[in-house]
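[1] fold the following and give me the result.
(chains A, B and C)
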Amino acid sequence: MLGATIEGDPSTMIDDLAGLDVAGPSALSFFANPKYEQLVYRTHAAAVLVSHAFSPKQSVPASLLRVEDPYLAFTQILEMVAAQMAETGTGVHASAVIETNAVVAEDAFVGAFAYVGPGAIIGPGARIYPHAYIGKGVVVGDNSHIFPHATIYHGCKIGKSCIVHAGTVVGADGFGFAPQADGSYRKIPQLGIVELADGVELGANSCIDRATTGKTYLKAGAKVDNLVQIAHNVEIGEHSVIAAQTGISGSTVLGKGVMVGGQAGFVGHISIADGTKVDAQSGVNKTIKEPGQAFRGSPIQPHRNQLKSELMFRKLVEMEERIRFLESVLQEKDLT
Amino acid sequence: MLGATIEGDPSTMIDDLAGLDVAGPSALSFFANPKYEQLVYRTHAAAVLVSHAFSPKQSVPASLLRVEDPYLAFTQILEMVAAQMAETGTGVHASAVIETNAVVAEDAFVGAFAYVGPGAIIGPGARIYPHAYIGKGVVVGDNSHIFPHATIYHGCKIGKSCIVHAGTVVGADGFGFAPQADGSYRKIPQLGIVELADGVELGANSCIDRATTGKTYLKAGAKVDNLVQIAHNVEIGEHSVIAAQTGISGSTVLGKGVMVGGQAGFVGHISIADGTKVDAQSGVNKTIKEPGQAFRGSPIQPHRNQLKSELMFRKLVEMEERIRFLESVLQEKDLT
Amino acid sequence: MLGATIEGDPSTMIDDLAGLDVAGPSALSFFANPKYEQLVYRTHAAAVLVSHAFSPKQSVPASLLRVEDPYLAFTQILEMVAAQMAETGTGVHASAVIETNAVVAEDAFVGAFAYVGPGAIIGPGARIYPHAYIGKGVVVGDNSHIFPHATIYHGCKIGKSCIVHAGTVVGADGFGFAPQADGSYRKIPQLGIVELADGVELGANSCIDRATTGKTYLKAGAKVDNLVQIAHNVEIGEHSVIAAQTGISGSTVLGKGVMVGGQAGFVGHISIADGTKVDAQSGVNKTIKEPGQAFRGSPIQPHRNQLKSELMFRKLVEMEERIRFLESVLQEKDLT
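    Predicted coordinates:
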């Protein structure tokens, strides 16, 4: 099926998939990253997917399955298993509420206690899990999955083949308040929407705020992890990836293929060039114009500079002692 | 309606509201912040709200609507549109569960699958959206909105004209555990409540923990963004504003009009003076007594000092080289 | 009941429990931490639990209740009140959906709009609150509480006496994507589960991702606060405690009795020794082998070193001036 060459017992039965370090004696594993080569020699796996090029330096207890790309082959097996496990039921649960003028495609699924608001459209193959909330006029594209307790506020648009995990909120109000003379705040109504283009995945308990006017826009294939905050009028480019707990302030624009580590923050009203890489816990405080560069720190510096500054930071006490020594020498010699 | 003076075609039809940079040819925009003046000359908007004082340095393609305060005027227009779009239905959905002794005001709204616990009170004009959970004995004040999947635990009090966005949890247990001799922890019961005074707004997926005893208290007009953590027994002063993903540890007290950027953190048991400003990603580790000061960094310093330290941090490698040069000079001259 | 020795009026009526600083005239308070001794002399409490050893340096307005361990005694009183307030109803609400082959123990509670998926098992004494989602094949152990809007995805296992607070998501997909040649990402199916051992408590709106294969595993007695992110295949040791908004990246393993402050972050694929302490906002970027050590900073240093570096950081401007002065002296003396 994978076109693998087998070195070892071809009748070995596999009933588990696991990493090299935790695999048991009936598991299939894979070896792709050279960093983990030692694990190949110590694994308890029954069989390991390896590349044609791999030449063991020690004896390997497991059978070897040689393939072109072991990671891809392992992913394909995961996909086969996932396809078998996938929920496939269709239809609307008796307890679901479908409001007036909402349209649910015939082969879509709408689970128990799901709410589909007036005029909403649920496309073919879409799955609205139990407890999901689909607001007034929302469009959920073909084959998209909206998991339990996700909230899609009125008017937002979910593209095709999107995934919105449990508890994620799409389209709550942007955080906009005008300060008043008496110290109080006046709420700025948030009249825009959120649009997710095709193939966007949002993790669990993330928040994508609706725009003040216009739209907050996640372009095709963008991937967002859990507990991420994306503020009003932000734009995320195609195939950009944002790790957990990152926050992006209002009106900031990320280009294509941007990679952001966890717990990073972006100030508002800046733009980030295509292919930018931002490390975890960074604070991005300015526009980045040159594509493909890596940054780190809060506030950010180019990646290399920040690593050097961090190294020096750990030596600050020693640096201060060196300064003190120089001062004492000059003082001793009556030079100061 | 706005008392605007029109410069340009008074018959221009407007069907959209948008920022200067993204406005299309049928949009109304506004110009308030001098920083964005260049956008006025390049906008595609049909019309732009400007101040009486604005004197263009170039020709402006759009019609100009001169008003006293362009930002306020734009807000007022947003408010008019929002009022037209607002959901106004009242009554209790057939699927909602209203437990014994709960009281729902006649013109309140309780949506599908909403749960209103025993003895809870829903005030006039309040809106309990589908899937909201209102615990035992909770009071929701007049005209407050509780959005889908918000959870208000038993006994908590929501003032008048409050907004609690989707997925936010009010009144879960504070994180209190007593270490035991065997290394395990014993849960400290959390018997207090959360009280939101009038006009408080909570964003989506935030958490306000109930007090151990007494109350966690957000005073009138406080505004809290998404994914914010407010621990047990915290107090937030009137009209304080807390941006997304900030965390405030137990028993800390924020004064009035405090402004906190995103992803900031506060240790527990400290108090923060009125009007304090804290930048994003700061770590506030001590009581601040003097009102109206600005802080930054983790741990915080006064804002100016921190900016200077950050500048030096970026020059640390160079500083170390200067020290090394001084050392080499002294060594060469046999002074050390 | 507490075996307390009473100094003061034994007929004093108590109807409230509160901290020394906020206690009213009918409240019982406690004094355990010497840091707060001054509060004992100023409290308005009717009575204060103190240790047998406490010898007041000033007159104390309140009655004193002398006990072995005042904090423990106060906790015991909280527990007694909590037990009286606890919800005790059992049975399945008429509106709940229990799917085929699910088993709900006779004395378990399943609230309104709760969803219990096919083949799920709800153990004796367990409480599934309104709006909770229990996926296909999930096991919820005896006496565990699943609060409103919590989502337990298919196949996950919740031990005995666990607490999962509102909005928390257990078992959403890990964030795994394989980069493709065209810049897009291919989703890696996440086929593993999450397992919580006995006595685990999860705060509100946290996320524990399911494993790619195998399990994400929180061992007995681990305590997790609100808005925490725990990625796929992470392992958390017995009685480890993780404060709010912390994030732990994929495959990282925390030992026993680890204590993590709020907003800390851990990179993936590292392991952390038993009893490690990590301060708030730290960035843990490497394996920690020696048990019981304390760390701080981003990236982390040993706690003491980091505090010193932070002190120096605040003096960086002054350090630079000292270097400049040394340079000027040498230049003046024609030494450079």
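
[2] going forward, measure contacts between C-alpha atoms and count neighbours the same way
    Noted.

[3] check contacts around the closest residue to residue A:117 other than its chain neighbours.
    Distances taken as CA to CA, 6 or more residues apart in numbering or on different chains place residue A:136 nearest to residue A:117, at 4.3 Å, with adjacent residues excluded. With contact set as CA atoms under 8 Å, 6 or more residues apart in numbering or on different chains, residue A:136 has these partners: A:116, A:117, A:118, A:119, A:120, A:153, A:154, A:155.

[4] how near is residue A:136 to chain C?
    The gap separating residue A:136 from chain C is 21 Å, by CA to the nearest CA, to the nearest Å.

[5] can you tell me the helix or strand for that residue?
    Residue A:136 is part of no helix or strand, with elements assigned from DSSP states H and E.

[6] how many residues are close by residue A:56?
    11 (other CA atoms under 10 Å in any protein chain shown).

[7] tell me how far the residue nearest to residue A:3 when sequence neighbours are not counted lies from residue C:212.
    Residue nearest to residue A:3 in three dimensions, not counting chain neighbours: residue A:67, with 6.9 Å by CA to CA, 6+ apart. From residue A:67 over to residue C:212 the distance is 21 Å, taken as CA to CA, to the nearest Å.

[8] which residues sit in contact with the residue nearest to residue A:3?
    Applying CA under 8 Å, 6+ apart, we find residue A:67 in contact with A:2, A:3, A:4, A:5, A:49, A:50, A:51, A:52, A:73.

[9] from these, pick the one nearest chain B.
    residue A:73 (38.1 Å; CA to the nearest CA).

[10] helix or strand: which one has that closest one?
    Taking DSSP H and E as the definition, residue A:73 sits inside helix A:70-85.

[11] tell me if residue A:324 really is in a helix.
    Yes: using DSSP: H, G, I helix; E, B strand; the rest coil, the assignment for residue A:324 is a helix.

[12] burial of it, as a residue count?
    14.

[13] report pLDDT for it.
    pLDDT, residue A:324: 95.

[14] then residue A:290?
    So residue A:290 comes in at 98 (pLDDT).

[15] how deep is it tucked in, by neighbour count?
    Neighbours of residue A:290 using other CA under 10 Å come to 11.

[16] what does residue A:111 give?
    24.

[17] for it, which non-adjacent residue is spatially closest?
    Take residue A:111 and drop its neighbours on the chain: the residue closest to it by CA to CA, 6+ apart is residue A:130, 4.3 Å away.

[18] touching, that neighbour and residue A:97? I think so.
    No: counting by CA atoms under 8 Å, residue A:130 does not reach residue A:97; the two are 11.0 Å apart.

[19] looking at these two, which has the bigger crowd around it?
    A direct count of neighbours by other CA under 10 Å for residue A:130 and residue A:97 places residue A:130 higher, at 29 against 20.

[20] wait, what's in contact with that one?
    Going by CA under 8 Å, 6+ apart, residue A:130 touches A:110, A:111, A:112, A:113, A:114, A:147, A:148, A:149, C:115, C:133.

[21] what's the closest of those residues to residue C:183?
    For those, the minimum distance to residue C:183 (CA to CA) is 26.7 Å, reached by residue A:147.

[22] where are the low-confidence patches of chain A?
    When residues are selected by pLDDT under 70, those of chain A lie in A:336.

[23] domain ranges for it?
    Here the domain parsing of chain A from automatic domain parsing is A:5-85, A:91-301, A:302-336.

[24] any idea which of the ones you listed is most buried?
    domain A:91-301 (a mean of 24; mean count of other CA atoms under 10 Å in any protein chain shown).

[25] indicate whether stretch A:292-308 makes contact with chain C.
    No: residues of stretch A:292-308 are not located near chain C by CA under 8 Å from any CA of the partner chain, the shortest gap being 9.0 Å.

[26] quick one: that stretch near chain B?
    Yes: for stretch A:292-308 and chain B, the contact criterion (CA under 8 Å from any CA) is met by A:299, A:301, A:305, A:306, A:308.

[27] columns secondary structure and distance to residue A:58 on top of these, output as CSV?
    As requested, the residues of stretch A:292-308 next to chain B are arranged in CSV below (DSSP: H, G, I helix; E, B strand; the rest coil; distance: CA to CA, whole Å):
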residue, secondary structure, distance to residue A:58
A:299, coil, 47
A:301, strand, 44
A:305, helix, 40
A:306, helix, 40
A:308, helix, 38
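
[28] and which of the residues you listed is nearest to chain C?
    Of all these, residue A:306 has the smallest distance to chain C: 11.3 Å, by CA to the nearest CA.

[29] pretty sure that closest one contacts residue B:315?
    No: using CA under 8 Å, residue A:306 makes no contact with residue B:315, being 10.0 Å away.

[30] can you name the residue of the stretch 151-300 of chain A nearest to chain C?
    Using CA to the nearest CA, the closest approach of the stretch 151-300 of chain A to chain C is made by residue A:239 at 5.4 Å.

[31] against chain B, how distant is that residue?
    Residue A:239 sits 23 Å away from chain B, going by CA to the nearest CA.

[32] and the residue lying farthest from the centre of chain A, backbone torsions?
    Distance from the centre of chain A peaks at residue A:334, with 62.0 Å (CA atoms, centre = their mean). With angles defined as degrees, to the nearest 10, residue A:334 sits at phi 60, psi 30.

[33] would you map the helices across the stretch 201-336 of chain A?
    A:303-314, A:316-332 (DSSP state H, counting those that start in this stretch).

[34] between the ones you listed, which one is closest to residue B:39.
    Checking those against residue B:39 by CA to CA gives helix A:303-314 as the closest, at 33.0 Å.
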